[in-house]
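J.: using only what follows, build the 3D model:
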Amino acid sequence: MLHDLNLSIGGIDARLNRRYQRLVNQHMTPPAPLASAVKDLACAQKTTFATTQAVWRFFNNERISFTQLNEPIISLALRHLALSPHPYALVVHDWSHLQFRTHNGKEERLKMTHGGDVGYELQTSLLLDAANGLPT
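T.: Numbering: from 1, shown residues only. As a prediction, this is how the structure comes out:
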């Protein structure tokens with residue numbers, strides 16, 4: 001099963017790799033159908049603030065880039081594609097525009113179509129088995 005895999009990021013310490021592993025595993029096997037895995041990342045914490053702080057520290061750690069976060073997942077997808085007998089793969093994409101027009105504390109917001117249209121673009125992809133349509 002995918003959640004039994006040990007995905008790790010090269011060049012970072014064991015503690016950050018454990019947090020990364022928990023984040024990925026919780027996204028693949030959430031404890032409840034609508035549970036957010038990010039909220040559960042620091043489930044050992046006693047308070048909501050401690051959980052939020054742990055997640056913030058992880059995602060804002062200068063020793064980890066977004067490219068590094070994606071490398072183990074992309075590598076896993078490529079390994080699964082190589083095992084498939086199909087000459088193609090199915091990938092479902094979702095692209096959402098998150099608008100934060102009045103949230104001035106978020107300095108990294110992007111200007112989209114005009115000055116008042118600022119926020120983020122969120123893009124996700126899901127790799128599906130070409131034979132049965134199930135996530136790979």
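
J.: show the average pLDDT along stretch 119-131.
T.: Averaged over stretch 119-131, pLDDT sits at 83.

J.: which SS state does the most centrally placed residue in the chain fall under?
T.: Centroid-nearest residue in the chain, with C-alpha atoms, centre = their mean: V24, separated by 6.9 Å. Using DSSP: H, G, I helix; E, B strand; the rest coil, the three-state assignment for V24 comes out as helix.

J.: strand partners of the helix or strand where V91 lies, parallel vs antiparallel please.
T.: In the assignment (DSSP states H and E), V91 maps to strand 90-99. Looking at strand 90-99 with DSSP bridges, its partner strands are strand 118-128 (antiparallel).

J.: circling back: check contacts around the residue nearest to the centre of the chain.
T.: For V24, the contact set (C-beta atoms under 8 Å, 6 or more residues apart in numbering) comprises 7, 72-73. For glycine as for every other residue, the C-beta is placed from the backbone atoms N, C-alpha and C.

J.: pipe the residues you listed into TSV and attach neighbour count, distance to L126 and secondary structure per row.
T.: Conversion of these to TSV gives the following (neighbours: other C-beta atoms under 10 Å; distance: C-beta to C-beta, whole Å; DSSP: H, G, I helix; E, B strand; the rest coil):
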residue	neighbour count	distance to L126	secondary structure
L7	16	17	coil
P72	19	17	helix
I73	14	11	helix
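
J.: closest one of those to L81?
T.: I73 (12.7 Å; C-beta to C-beta).

J.: that closest one contacts L7, doesn't it?
T.: Yes. The pair I73 / L7 is scored as a contact, 6.9 Å apart, by C-beta atoms under 8 Å.
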